Each structure stands twice: as structure tokens, then as C-alpha cells.
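Colleague: With the sequence up front, the predicted model follows.
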Amino acid sequence: MSNLDTRPAPSLCGGTGRTGPVRDLQPGKQVPLGESTVVRRLLPNLGRRMVGAWCFVDHYGPDDIVDQPGMQVPPHPHMGLQTVSWLHAGEVLHRDSVGSLRTIRPRELGLMTSGGAIAHSEESPSGHGPLLHGAQLWVALPGEHRHTAAHFEHHTDLPRVTGGNGGLTATVILGERDGAASPGTTYSPLVGADLTLAATTDTRLPLDPDFEYAALTISGETEVDGVRLAPGALLYLGCGRTDLPLRAHSDSSLLLLGGVPFEEQIVMWWNFVGRSHEEIAEARSDWMDTTRFGTVHGYAGPRLPAPDLPPVVLKPRGRER
């Protein structure tokens, strides 16, 4: 999924050190995406840039797209990151410049590793279902892996674990949870899990104290460490937790995102993750003028032009406190 903001703000992320357990509710921003989709952008924001290596989170829907085109995101580039497509309703047709053509359905993992360069498009296929609901997330690649060969993975059978006296089911999207490991490729210690809770479930979820965590409510209402979250709310939880209290007031679901705090500083602008202004500027120029990012075949429309670069030079800063 692309950042379609015509004036994307550059972000300096990572290298922020560790924080103890907190309950920091992150505001979302309404952002139009393509022709008919509006998303809630939850990361990055002014208060929180990353959660582990997770550096971008959009939540969308549930949207009624019976008489709408649904998701229509033209071909666009990515660099230095992985995209994670996660659906609760609907279908998304993925095409990319390494030749992938896959339809992603609910609770299936669409994982694209950009490495140094890839381009892709995303669209609701013809004859799509009535609803579109899900999340799009990015994972920053650490320095030693950010030039790995671009590739796409589609995993339809993900591991699940249960808890809370049967009231909690966790689908492991990335990383490992209670001994169950996702088949998706990761390049830094992290976890992503889709938690489904039955109404009245009251439980404590074991956590890794070395990870920092955040919880995103997808549907229903859940109390996370005593904070009641409506759909589309992201609660940053910090580090140092060995467990997390969860209570469901109705049948609900949320995403648990976590990872070791990302120590490298990165520059994130538009659809690129780099290490300097010069690297970002080169990627933009290459998208507009060269074949570095390849060609997405089969999308019925033009590719997405890059916005103008901001009139500032981005320089890495010292570690934030």
C-alpha cells in the first residue's frame, strides 16, 4: 500500500532507546487512499514513530464497497522495508515488478520485501465482495538486510494458539507466539499477531520484556491494560512487560505488534525507508526516470508519480530521550 499524501512529511525514526511500561494512546489521521478508500494512519505520528521495526500502520474499514471500485492503488515503488497486508474482510489483488500476481484473502499473509527496489499495485478484484476491512503495515529492514533481493510471499495457512480458557485465539502473522512461528520471513526480532477474543474474556497475555509493544483494535471493544479501546485505536505499551491484561466487552479482535526497539536511525519519506536525504532523493529520481524499480504489468491505469521532495535536507540526529 502506498502513502498517497501529495505532501508527505519526512520522518526521522528509530534510535529512540527503551521506555518502561506505558499506556500511550496514539491519535489516528484520516488519509484518502486511491479512488474510494479512506484509512486511519496510526504510525508514524507526532508522538510515536516506530514500534520495534514496525514503522507504518494504516487501518481501514469496514467499508461498504458494493457499488464502489474498492481499493485502487496504482503501481508505486518501495525501498528498504517490508509491506504486510492483513485482511478481515474482502480481497486484494497484488501485482509487483518481480512478477507476482496473488489475491490476498482474510487471515492470509501478503508479505512483500522490497530490498533495494520493487514496485507493486493493489486493487479490489472485479467481482469483489461487499466489504473491505483490514490493515496495511510496514517493517523497516535493518542495515545488513535492506539491499536483499526483492520478493513476495503469500502464506494462506498461519499458526494459531489459544488461551484465556478458550476465549482467546491468536493468529501469528509474523514472528513467534507461544512456540508457534509464522512462515513469513523476518529480518529483526519482532512479532505480529491477530488476537480474537470472545465476549467476556478476561485474561493475561504473556509478553517478552525485551520487546516494546502496541495494540490496535480492529473490531469490537477491548480493554487493554485497563484502557478501553474503540476500533481504530492504537495503544503504545512500551517495554518491560511480562504480560498484558485483556478484557473483551464484546466479540472483538486486535493486532498485537511488538519487537526489540529499532536502534538504527532511518529516514522515511513517501514509500521509501533510507538512511539519508541523498538516498531518498536518489530513489525518487530513479522511480521517475529509470527502470530501477521495474514494471508492474497488468494494472489498468498509469503508475503513481512521486511527490516533490520537501525543501529541507534530512540529517540524522542524536538519540532522542
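Modeller: Arrived safely, thanks for sending. Numbering: from 1, shown residues only.
Colleague: Can you list the low-confidence ranges for the stretch 101-250 of the chain?
Modeller: For the stretch 101-250 of the chain, no stretch is flagged by pLDDT under 70.
Colleague: from what I can see residue 23 touches residue 223, true?
Modeller: No. The pair residue 23 / residue 223 is not scored as a contact, 11.0 Å apart, by C-beta atoms under 8 Å. Where you see a C-beta, it was placed from the backbone N, CA and C, and this is true even at glycine.
Colleague: Settle it for me: which of these two has more neighbours?
Modeller: residue 223 (15 against 12; other C-beta atoms under 10 Å).
Colleague: I'd guessed that one sits against residue 245; true?
Modeller: Yes. Between residue 223 and residue 245 there is a contact under C-beta under 8 Å: 7.5 Å.
Colleague: So for those two, which residues contact both of them?
Modeller: With contacts defined as C-beta atoms under 8 Å, 6 or more residues apart in numbering, no residue is shared by residue 223 and residue 245.
Colleague: in the stretch 51-200 of the chain, which spans are helices?
Modeller: Taking DSSP state H, counting those that start in this stretch, the stretch 51-200 of the chain contains no helices at all.
Colleague: ignore the last one, the stretch 201-321 of the chain
Modeller: 277-289.
Colleague: all strands of it, in order?
Modeller: Here the stretch 201-321 of the chain has its strands, by DSSP state E, counting those that start in this stretch, at 202-206, 212-219, 222-224, 227-229, 234-238, 243-248, 252-259, 266-269, 272-274.
Colleague: For residue 112, find the nearest of these.
Modeller: strand 272-274 (13.2 Å; C-beta to C-beta).
Colleague: contact partners of the closest one?
Modeller: Contacts of strand 272-274 (C-beta under 8 Å, 6+ apart): 55, 77-81, 138, 140-141, 146, 266-268, 279-280, 283-284.
Colleague: same thing but 7 Å
Modeller: 55, 79, 80, 81, 140, 266, 267, 280, 283 (C-beta atoms under 7 Å, 6 or more residues apart in numbering).
Colleague: Also stretch 113-123?
Modeller: By C-beta under 7 Å, 6+ apart, stretch 113-123 touches 1, 71-82, 92-98, 112, 146-151, 185, 292-294, 296, 299.
Colleague: and if you look at stretch 286-294?
Modeller: Contacts of stretch 286-294 (C-beta under 7 Å, 6+ apart): 77, 97, 98, 117, 118, 119, 305, 306.
Colleague: List the contacts of the first one.
Modeller: For residue 77, the contacting residues are 117, 119, 271, 287, 293, by C-beta under 7 Å, 6+ apart.
Colleague: One more pass at 10 Å, please.
Modeller: 2, 97, 114, 117-120, 270-272, 283-284, 286-288, 292-294, 296, 303-304, 306 (C-beta atoms under 10 Å, 6 or more residues apart in numbering).
Colleague: and it, bridged to which residues?
Modeller: For residue 77, the beta-bridge partners are residue 119 (DSSP bridges).
Colleague: And it, how far from residue 23?
Modeller: 37 Å (C-beta to C-beta, to the nearest Å).
Colleague: With the third one instead?
Modeller: Per C-beta to C-beta, residue 98 is found 41 Å from residue 23.
Colleague: And the fourth one, by the same measure?
Modeller: Residue 117 sits 39 Å away from residue 23, taking C-beta to C-beta as the criterion.
Colleague: Repeat that for residue 177.
Modeller: Distance, residue 177 to residue 23, by C-beta to C-beta: 22 Å.
Colleague: now residue 281
Modeller: Taken as C-beta to C-beta, the span from residue 281 to residue 23 is 39 Å.
Colleague: Help me confirm that residue 162 comes into contact with residue 169.
Modeller: Yes. Contact status for residue 162 versus residue 169: in contact at 5.4 Å, counting by C-beta atoms under 10 Å.
Colleague: more crowded one of these two?
Modeller: Ranked by neighbour count (other C-beta under 10 Å), residue 162 and residue 169 place residue 169 first, with 17 against 12.
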